[in-house]
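Build me a model:
(chains A and B)
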Amino acid sequence: MPDTDTLATEATTGNAVAGIDQSAGNFKYEEKHDFDAGTGLTARTVDYISSVKKEAPWIHDFRQQALKTFFAKPLPTHWATRDLENINFDKIRYYLSNGQKPKRTWEEVPDDIKRTFERLGIPEQERKFLAGVEAQFDSEAAYSNIKEAVSKQGVIFVNSTEGLREHPEIFRKWFGKVIPTGDNKFSALNSAVFSGGSFIYVPPGVKVSHPLQAYFRINAENFGQFERTLIIADEGAEVTYMEGCTAPKFTTTTLHSAVVELVALKGAKIQYITVQNWSSNVFNLVTKRGLAHEEAEIKWIDCNIGSRLTMKYPGVVLKGRKARGEVVSIALANDGQHQDTGAKMIHAADETTSNIVAKSISVGQGRSTYRGVVHIPAHLKGCKNNTECDALLINANSRTDTYPAITIRGSANNVQHEASVSKVSEEQIFYMRQRGLTEGQAMSLSVNGFINDLTRQFPMEYSVELKRLIDLEMEGSVG
Amino acid sequence: MSSLEIKDLHVSIGEKEIIKGFSLTIGTGEVHALMGPNGTGKSTLSKAIAGHPDYTITGGDVLLDGKSILAMEPDERSRAGVFLAFQYPSEIPGVSIANFLRAAVQAHMGEGEELDATAYYKRLYQKMDLLKIDRKFTSRAVNEGFSGGEKKRCEILQMAMLEPKFALLDETDSGLDIDALRIVSDGVNQLRGANLGVLVITHYQRLLDYIVPDRVHVMWDGRIVKSGDKSIALELEAKGYDWVKQELARA
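Reported below is the predicted structural model:
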């Protein structure tokens, strides 16, 4: 196997040649890690993490079992890319902590972390929102404060460590139930070494008016981040969760492997929004799935920009009658990047509906793949699925693939599938340049137009941030 | 006063020479018409001046106020004050006219200058009123699903907002019925003035009934073969392009 460092350097240099400006995420500050599990992964690493976190025995056992599963499972290279083989699991640090307890107020947040937020360009609008934000700095939440109004409604919004400690009765009931440890090699890895992430519980009938937010970023070289998020919306509850990532640039390969589980009980609604901008050396291998009970609704809005390889297929298991699932996915693959994204819709009850809209943009040698699963078994009636995949190619050598796996048995169900591939033409770019836009601005406008109908569904500040990320990517993509 | 000077211009597409020594000087405040049969190089000329990458300048020069623009990028030429109204404007799916124009107006502003959104919309609506364009028009995606007339109107609105020194109108009348033709011509006439020089490129004389030119030039085989006042256009209309051909053969 080739040496990971060398490969990662190549990937980074490749981008430098293309002139990609990743400077928005390219900064680091002095870090002090009071706890550090070292590099590599053994049963002792897991013991160490569990003891630092002062975890209950059941969770320690859970981790050790997961580790065994991780070692036993093969990499999914039989259908996915062989690039996964370049991950050197022995060179990764599996746990880091600032030794900080979650902060209660903004004032208590250390200045260097505030500075990091500033450099990330979080808009003023959002800084105001930070009063209700949980932001992860390295493994532990550096800031965790529930807006007073939200906690008064009985909403629990804490990091997963605190959730396990303070609310084991709710946590344990749903933890690992939507995504079992053995779902795939990386969900097993996460289950063994997870740290950070959010735990949210919304009581019956409570509609959370503000979106709950979390910012994640990786800030230590060779450090993998394995956050674990569990969101439970009790009967008739409604909640929106937003997650944004901007990673600094590294010279060595970094692994991000999160697990996110959503549970929407009868009539509940969960919307989970992600805007990610990983640096081009990150393997982003995330498992996200929701369980929708009767008449419940789960919607994933997932934007993937950057990373070396992203493999992510948010899914919804439509377990109860009339449950609804939706995935809105945007992926942008620049030079040297591969976005392998899509959606899974597992229909398991009558009259369930699912909707998938996936748009991908491939720039230069960037590659984007749509991979979808829609499963409707024969005994179900009145199920509907609509799948729409659109790909936009910026250069002739960009690549896009679509693998829609739709298994529909029986005839009492309705499925639609549409796919399109379009290209930004030279004429279109010339037209815009004739109006004074630079080549980069013109491409950026084309791309933003292509995804416009999707970004309109985003909260304002997120669509602004996404537009800014696309501008940065496109600026760097012109020769 | 500004000038756009095209000096002995030669332009090729691939190996094929299309423009073969074209010369013309336009000053602001003037409207010139360039007429000629299809395939004579009219569109090539306008795209070459705008800096389209498919066209290679093999000789001559294009000077804006005495300075060559040939080394400039297409967007720099635009910002310097050269506007091209396209014969076939591109669609930009998902981008509204208002947003596109905003990006264009911002691009035309100096480094570090921020566009004032309120002032921008005020000016946009003024121009739309001037051109008798419905307010709803600018929320549509640029040229997407537009009729021929709507596309041309969109071009004229962009021209009004960008306030160029020189506008090249490439076959602005093509694909227009008589009502649309009148609306577009009215728009151009509204924008005519001391600060704008116009080159109207057209195949037919009828556009010149509405946009009355100061000078008319007849193009043939990549160069101007005849220039005069608007009476030439009428003569062309009466005698057809064969007349020019015969005159050339005699010369």
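
Please count neighbours and contacts with C-alpha atoms only from this point.
OK.

and the nearest residue to residue A:341 once chain neighbours are set aside, how far is that from residue A:182?
Leaving aside its sequence neighbours, residue A:341 sits nearest to residue A:312 (C-alpha to C-alpha, 6 or more residues apart in numbering or on different chains; 4.9 Å). Distance, residue A:312 to residue A:182, using C-alpha to C-alpha, to the nearest Å: 16 Å.

ok, now residue A:154?
33 Å.

The two: who's more crowded?
residue A:182 (19 against 13; other C-alpha atoms under 10 Å in any protein chain shown).

tell me which element the residue in the stretch 251-400 of chain A that chain B sits nearest to falls in.
Closest residue of the stretch 251-400 of chain A to chain B, C-alpha to the nearest C-alpha: residue A:392 (11.7 Å). Element membership of residue A:392 [criterion: DSSP states H and E] is strand A:384-393.

Likewise for residue A:311?
Per DSSP H and E: strand A:309-312 holds residue A:311.

Alongside chain A, which residues does the stretch 51-200 of chain B contribute?
B:52, B:74-79, B:83-84, B:89-95, B:103-104, B:107-108, B:162 (C-alpha under 8 Å from any C-alpha of the partner chain).

Run through who's touching stretch B:229-247.
With C-alpha atoms under 8 Å, 6 or more residues apart in numbering or on different chains as the test, stretch B:229-247 has contacts from B:35, B:36, B:37, B:204, B:205, B:208, B:212, B:213, B:214, B:215, B:216.

pLDDT of it, averaged?
Averaged across stretch B:229-247, pLDDT comes to 84.

Check which residues of that stretch are buried.
Within stretch B:229-247, the residues scored as buried using 16 or more other C-alpha atoms under 10 Å in any protein chain shown are B:230, B:232, B:233, B:236, B:241, B:244.

Any figure for the gap between the fourth one and chain A?
The spacing between residue B:236 and chain A, counted by C-alpha to the nearest C-alpha, to the nearest Å, is 32 Å.

That residue: which element?
helix B:231-239.

and that helix, how far out from the chain's middle?
22 Å (C-alpha atoms, centre = their mean, to the nearest Å).

next SSE after that helix?
Using DSSP H and E, the first helix or strand after helix B:231-239 is helix B:242-250.

Let me know the angle separating that following helix from helix B:231-239.
100 degrees (axes from the mean of the first three to the mean of the last three C-alpha atoms, to 10 degrees).

I'd like to know which of the residues of the stretch 51-200 of chain B next to chain A are buried.
B:52, B:74-79, B:83-84, B:89-95, B:103-104, B:107-108, B:162.

Poorly predicted segments of the stretch 51-200 of chain A, please.
A:96-149 (pLDDT under 70).

can you give me the helices for it?
Along the stretch 51-200 of chain A, counting by DSSP state H, counting those that start in this stretch, helices occupy A:57-72, A:111-119, A:124-129, A:148-152, A:160-166, A:168-174, A:185-193.

will you turn those into CSV that also has distance to chain B?
Output for these, formatted as CSV (distance: least, C-alpha to the nearest C-alpha, whole Å):
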stretch, distance to chain B
helix A:57-72, 44
helix A:111-119, 20
helix A:124-129, 18
helix A:148-152, 35
helix A:160-166, 40
helix A:168-174, 41
helix A:185-193, 37
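
For residue A:303, which of these is the nearest?
Checking the helices of the stretch 51-200 of chain A against residue A:303 by C-alpha to C-alpha gives helix A:124-129 as the closest, at 18.5 Å.

quick one: terminal-to-terminal distance for stretch A:388-400?
15 Å.

For that stretch, the averaged confidence score.
83.

Over to stretch B:64-78?
97.

now what about that stretch, what contacts it?
A:430, A:433-438, B:2-5, B:49-52, B:61-63, B:164.

Equivalent analysis for stretch B:139-153, please.
Contacts of stretch B:139-153 (C-alpha under 8 Å, 6+ apart): B:85, B:89-98, B:100, B:154, B:172, B:175-177, B:180-181, B:183-184.

Stretch A:75-83 now?
A:84, A:85, A:184, A:185, A:309.

Now, of those residues, which are buried?
Looks like the contacts of stretch A:75-83 have A:184, A:185, A:309 buried, using 16+ other C-alpha under 10 Å.

and the last one, what is it in contact with?
By C-alpha under 8 Å, 6+ apart, the contact set of residue A:309 is A:83, A:282, A:283, A:284, A:285, A:337, A:338, A:339, A:340.

again, only using 7 Å
A:282, A:283, A:284, A:337, A:338, A:339 (C-alpha atoms under 7 Å, 6 or more residues apart in numbering or on different chains).

Which of the contacts of stretch B:229-247 fall in helices?
The helices in this structure, assigned by DSSP state H, contain residue B:208 from the contacts of stretch B:229-247.

Now the two most distant members of the contacts of stretch B:229-247.
Longest span within the contacts of stretch B:229-247, C-alpha to C-alpha: B:37 and B:214, 20.5 Å.

Which one's more surrounded, the two?
Set residue B:37 next to residue B:214 and count neighbours by other C-alpha under 10 Å: residue B:37 wins out with 17 against 14.

what about the closest residue to the more buried one other than its chain neighbours, how many neighbours?
Nearest residue to residue B:37, sequence neighbours excluded (C-alpha to C-alpha, 6+ apart): residue B:203, at 6.0 Å. Neighbourhood size, residue B:203 [other C-alpha under 10 Å]: 20.

what do you get for residue A:174?
Around residue A:174 there are 16 residues (other C-alpha under 10 Å).

Who is the residue nearest to residue A:341 paired with across the strands?
residue A:286, residue A:341 (DSSP bridges).

burial measure for it, as a count.
21.

Please name the residues that touch it.
A:285, A:286, A:287, A:340, A:341, A:342.

For those, pick the one with the most neighbours.
Neighbour tally across those (other C-alpha under 10 Å): the maximum, 30 neighbours, falls on residue A:342.

residues touching residue A:325, list them.
A:297, A:298, A:299, A:316, A:318, A:353, A:354, A:355.

Try it again at 8 Å.
Counting by C-alpha under 8 Å, 6+ apart, residue A:325 makes contact with A:292, A:297, A:298, A:299, A:316, A:317, A:318, A:345, A:353, A:354, A:355.

next one: residue B:12
B:18, B:19, B:55, B:56, B:57, B:58.

And residue A:421, how close does it get to chain B?
14 Å.

so that residue sits right up against residue A:390, yeah?
Yes. Between residue A:421 and residue A:390 a contact is recorded at 5.8 Å, counting by C-alpha atoms under 8 Å.

Show me which residues of chain A are close to chain B?
Residues of chain A lying near chain B (C-alpha under 8 Å from any C-alpha): A:427-428, A:430-431, A:433-438, A:445-446, A:448-453.

what are the ranges of the strands in the stretch 51-200 of chain B?
B:55-64, B:67-68, B:82-85, B:92-96, B:141-142, B:166-170, B:197-202 (DSSP state E, counting those that start in this stretch).
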